[in-house]
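S.K.: model the following, please.
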Amino acid sequence: MIIKSILRYFELALGLKINFHKSKLGGVRIKEDELQISANILNHGLMNVPFKYLGICVGGNPRRKTFWEPAVNKIKNKLT
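M.R.: Have a look, this model is predicted:
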């Protein structure tokens, strides 16, 4: 409920509107049932983990080479 209040204050302060029906909630290292309860309170859908945020994989294993391949390929393409 505190998160929802903070988001409402954000709307009031900046004049921007948050579309809760389009928003999704994702969690890393959080129990699935707790995440579901939070999503229900906020009226959000759930994201699948791992997910991409600003082109970077979130929730994957950064020790694996496959985790970094998309970022490295993107940088290589920009350098060429």
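
S.K.: ok, Cys57 - how many residues close by?
M.R.: Number of residues near Cys57 (other Cβ atoms under 10 Å) recorded here: 18. In short, each C-beta sits where N, CA and C put it, glycine included.

S.K.: one more: Met47?
M.R.: 18.

S.K.: same thing with Thr66?
M.R.: There are 9 residues near Thr66, going by other Cβ under 10 Å.

S.K.: same question for the one 4 residues further on.
M.R.: Taking other Cβ under 10 Å as the neighbour definition, Pro70 ends up with a count of 13.

S.K.: you'd agree it is up against Pro50?
M.R.: No. Pro70 is not in contact with Pro50 according to Cβ atoms under 8 Å; the separation is 11.0 Å.

S.K.: residues touching the residue nearest in space to the middle of the chain, list them.
M.R.: By Cα atoms, centre = their mean, the chain has its centre lying nearest to Gly26, at 5.1 Å. Taking Cβ atoms under 8 Å, 6 or more residues apart in numbering, we find Gly26 in contact with 35, 46-49, 51, 58-59.

S.K.: nearest to Lys17 among those?
M.R.: Nearest to Lys17 out of the contacts of Gly26 is Met47 (Cβ to Cβ; 21.0 Å).

S.K.: report the separation between the closest one and Leu14.
M.R.: Distance of Met47 to Leu14, computed by Cβ to Cβ, to the nearest Å: 24 Å.

S.K.: kindly report the same for Arg8.
M.R.: For Arg8 relative to Leu14 (Cβ to Cβ), the value is 11 Å.

S.K.: quick check, pLDDT for the closest residue to Ile18 other than its chain neighbours.
M.R.: Once flanking residues are discounted, Ile18 sits nearest to Leu7: 5.5 Å by Cβ to Cβ, 6 or more residues apart in numbering. Looking at Leu7, its pLDDT reads 85.

S.K.: put the alpha carbons of the helix or strand hosting Leu7 into PDB.
M.R.: Assigned by DSSP states H and E, Leu7 belongs to helix 2-14. Taking Å, rounded to 0.1, in the frame of the first residue of the first chain, the C-alpha atoms of helix 2-14 are listed here in PDB:
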ATOM      1  CA  ILE A   2       2.900   2.300   0.700                       C
ATOM      2  CA  ILE A   3       4.300   1.900  -2.900                       C
ATOM      3  CA  LYS A   4       0.800   2.700  -4.300                       C
ATOM      4  CA  SER A   5       0.700   5.900  -2.100                       C
ATOM      5  CA  ILE A   6       4.100   6.900  -3.300                       C
ATOM      6  CA  LEU A   7       3.000   6.400  -6.900                       C
ATOM      7  CA  ARG A   8      -0.100   8.500  -6.300                       C
ATOM      8  CA  TYR A   9       2.000  11.300  -4.800                       C
ATOM      9  CA  PHE A  10       4.200  11.100  -7.900                       C
ATOM     10  CA  GLU A  11       1.100  11.600 -10.100                       C
ATOM     11  CA  LEU A  12      -0.100  14.600  -8.000                       C
ATOM     12  CA  ALA A  13       3.400  16.300  -7.800                       C
ATOM     13  CA  LEU A  14       4.300  15.900 -11.500                       C
END
